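Colleague: Okay, structure incoming, though there's no sequence with it:
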């Protein structure tokens, strides 16, 4: 390799080269030779390392890295039951966390969050502003029978409008930087917890909402007619039949029963005059269970059977209850607000409005006062 950098001068030209030029050429040749030698030495050393690494036997742990500190701690816990807790926040009341190594599990143990699936049966639309104005027909024309050559009388339908205001649901969560850095999937778990919380809160509002800051629930709508059960604590099969057939046929044929699980369990035991159960299970995949031939949905936020309560509602929810989504659930993280405290704030907000648009398509069952 040194020959590549070797510079020779012909013998008959050597005497004609000035001394300083000859010296410079000699120094250049020496420098190039030294650099090539250093490169060759480094290359040989690197090749030796690669060769040695390739000749190693495979590790007994499927060629994985040696146990990290958390893996060792977790293994010790499995063997001895003793844990080494590490606080992941600096607060005095912060909980201790024991995180399983990633190789073992990435599962989070979650509590069950139940909520009323009103969206599945209501009419859900999008809104483009802070309020929705709905034109509404209040009455029809007034035609009359007339004899021959009798002048007709004028009449006209009346119209009005109703307003559904868009409300906001929000909260924020502060999480330490250490927890975000050291706990696996904690950010996605926080987002999931927020989604479940918001779903449960809006489900409650869709059923029982009455405050000015929340959507209005269908159970608090004063214009919905009611049927009397006749007893304070015992549900009557006859009362359910009367309630269902009190609605016009067009709404009855599209109606859905709504109640909580406790009330549904009571109705499952009721029979009509012929001894047939009012509740009928579904034996076909994808088909809902029915009461008197109409589907039933379980809403956890419906009232229990009790004196003066309204445990059951029946009606055409698609025609009668409207939900307007303005802003979907948005979760934004702010890493600067609490940066000096070592925390990250997650802001969550949702804008939605809802209300009854047709009271005549619903009917509620009212238990006796006493």
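Modeller: Thanks, I have the structure now. Predicted model only: the values in this text are computed from it and were never measured.
Colleague: ok, now which ones touch the closest residue to residue 237 other than its chain neighbours?
Modeller: Nearest residue to residue 237, sequence neighbours excluded (Cβ to Cβ, 6 or more residues apart in numbering): residue 270, at 4.4 Å. For glycine as for every other residue, the C-beta is placed from the backbone atoms N, C-alpha and C. The neighbours of residue 270, taking Cβ atoms under 8 Å, 6 or more residues apart in numbering as the test, are 235, 237, 240, 277-279.
Colleague: Quick one: the helices in the stretch 101-250 of the chain, in order.
Modeller: Along the stretch 101-250 of the chain, counting by DSSP state H, counting those that start in this stretch, helices occupy 177-182, 186-208, 237-245, 249-252.
Colleague: Oops, could you answer that again for the stretch 251-370 of the chain instead?
Modeller: 261-267, 317-320.
Colleague: packing partners for the last one?
Modeller: For helix 317-320, the contact count by 3 or more Cβ pairs under 8 Å, 6 or more residues apart in numbering; DSSP states H and E identifies strand 123-126 as packing neighbours.
Colleague: of the contacts of residue 270, buried ones?
Modeller: Buried members of these, scored by 16 or more other Cβ atoms under 10 Å, are 235, 237, 240, 278-279.
Colleague: so where's this structure uncertain?
Modeller: Low-confidence segments of the chain, defined by pLDDT under 70, span residues 1-22, 47, 50-113, 282-286.
Colleague: Give me the domain ranges for it.
Modeller: Listed domain ranges for the chain are 2-40, 84-142+157-370 (source: automatic domain parsing).
Colleague: Please identify the most buried of these.
Modeller: domain 84-142+157-370 (a mean of 16; mean count of other Cβ atoms under 10 Å).
Colleague: Distance from that one to the middle of the chain?
Modeller: 14 Å (Cα atoms, centre = their mean, to the nearest Å).
Colleague: Please apply the same query to stretch 146-156.
Modeller: Using Cα atoms, centre = their mean, the offset of stretch 146-156 from its chain centre is 60 Å.
Colleague: got the end-to-end distance for it?
Modeller: Stretch 146-156 has its terminal residues 18 Å apart, counting by Cα to Cα, to the nearest Å.
Colleague: Now tell me what touches it from outside.
Modeller: Contacts for stretch 146-156 (Cβ under 8 Å, 6+ apart): 141-144.
Colleague: Could I get those in JSON lines, plus columns for distance to residue 183?
Modeller: Formatted as JSON lines, the contacts of stretch 146-156 follow (distance: Cβ to Cβ, whole Å):
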{"residue": "141", "distance to residue 183": "68"}
{"residue": "142", "distance to residue 183": "70"}
{"residue": "143", "distance to residue 183": "72"}
{"residue": "144", "distance to residue 183": "76"}
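Colleague: which one of the residues you listed sits closest to residue 167?
Modeller: Proximity of the contacts of stretch 146-156 to residue 167 (Cβ to Cβ) peaks at residue 141, which lies at 37.1 Å.
Colleague: Just give the number of residues close to the closest residue in space to the closest one that isn't next to it in sequence.
Modeller: Distances taken as Cβ to Cβ, 6+ apart put residue 155 closest to residue 141, at 4.6 Å, once the chain neighbours are dropped. Using other Cβ atoms under 10 Å, residue 155 has 11 other residues around it.
Colleague: Distance check, residue 155 against residue 143.
Modeller: As defined by Cβ to Cβ, to the nearest Å, residue 155 lies at a distance of 7 Å from residue 143.
Colleague: Ok, residue 337 next?
Modeller: Counting by Cβ to Cβ, the gap from residue 337 to residue 143 is 66 Å.
Colleague: And the residue nearest to residue 237, how far from residue 357?
Modeller: 32 Å.
Colleague: do the same with residue 314
Modeller: 17 Å.
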